[in-house]
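Trainee: based on what follows, work out the 3D shape:
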Amino acid sequence: MRTASWRAGIGGESPRRFTPSFGWIRRLDAILEELVGRELRELGPVARDELKLLALEAREGLPVEAVQGEVTRLVRREVDFSGVVDEDAGLGKRTGIERDAVRLSYPTWMIETFTNDLGREAGLALAAHMNTRAPMALRVNAARITREALAARLAEEHVIAKPTPLAPAGLVLETRVNAFGLSAFQEGLFEVMDEGSQVVAELVAPPPGGGSSTRARARAASRSRSARSWTARAACSRSTPMARSSRSCAAARAARASRT
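Mentor: Prediction:
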């Protein structure tokens, strides 16, 4: 049953902190304050996080009846949780910018900035779009495979990929999946790179009279790897002893040793 799967790991002896998307944090807090009241402040952080998860699941389609018992257990009294799915849940008597900010889960000053700079309609549209999941874009290793062939290869792994509209060697995954776990990634057929970065690489390279686009992409990829390597080295130098002993830091040290 779904309630067992999303509940696992949150309660019991191994609680897990709830970290919802940015587009829900402030709204969920407002919904719970409205429905639960003063008792919410008396709950511990794990219990509050669990209530947020229950509210989010209900708003995303789980029947309220399926979570009502858990809400009662956490709050230790009967709470009418049916209002959690209302369109205006958590908004109360708020009006204007404050209402928009809570509805979209942004600090009020940020919504004010967006609407002052862009106008109300465009500013709110920007805020709403920023709450959506960013596309997962790939850069095809054109030296080894074509974009069309990689899309067909991914389809064999039940992953739908469509060509990026601007980047000539890009694909966008329409299937939500761990791209780094795909066999095509393990074989070096692509790397994860947002389309904007790919377009910039196309625009800045090659220099006048130099090289093909394939070599340009290779140089861009090399610079990207160098930047990531530098970032990893910096992170390892600043991190805790436990973090410095991690696999990624060990790999960075081995790479430096091989170059000396």
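Trainee: contact partners of stretch 120-140?
Mentor: Residues outside stretch 120-140 that contact it (Cβ atoms under 8 Å, 6 or more residues apart in numbering) are 21-23, 100, 104-106, 110-111, 114-118, 146-147, 150, 161, 164, 167, 169-173, 176, 179, 189-195, 198, 217, 221. Bear in mind the C-beta positions are built from the backbone N, C-alpha and C, glycine included.
Trainee: start to end distance for that stretch?
Mentor: Taking Cα to Cα, to the nearest Å, stretch 120-140 runs 39 Å from one end to the other.
Trainee: use 788 as the first number from now on
Mentor: Okay, using 788 as the starting number, the last item reads as stretch 907-927.
Trainee: check which residues of it are buried.
Mentor: 910-911, 914, 923-927 (16 or more other Cβ atoms under 10 Å).
Trainee: swap in stretch 945-954?
Mentor: Residues of stretch 945-954 classed as buried by neighbour count (16+ other Cβ under 10 Å): 946, 948, 951, 954.
Trainee: stretch 817-824 too?
Mentor: Within stretch 817-824, the residues that qualify as buried by neighbour count (16+ other Cβ under 10 Å) are 817-819, 821-823.
Trainee: now do it: distance to the chain's middle.
Mentor: Here stretch 817-824 is found 26 Å from its chain centre; the criterion is Cα atoms, centre = their mean, to the nearest Å.
Trainee: pull the residues that contact that stretch.
Mentor: Contact with stretch 817-824 is made by 827, 835, 838-839, 842, 862, 866-868, 870-871, 876-879, 889, as judged by Cβ under 8 Å, 6+ apart.
Trainee: from these, which would you call buried?
Mentor: By neighbour count, with 16+ other Cβ under 10 Å, the contacts of stretch 817-824 hold 827, 835, 838-839, 842, 862, 866, 868, 871, 876-878, 889 as buried.
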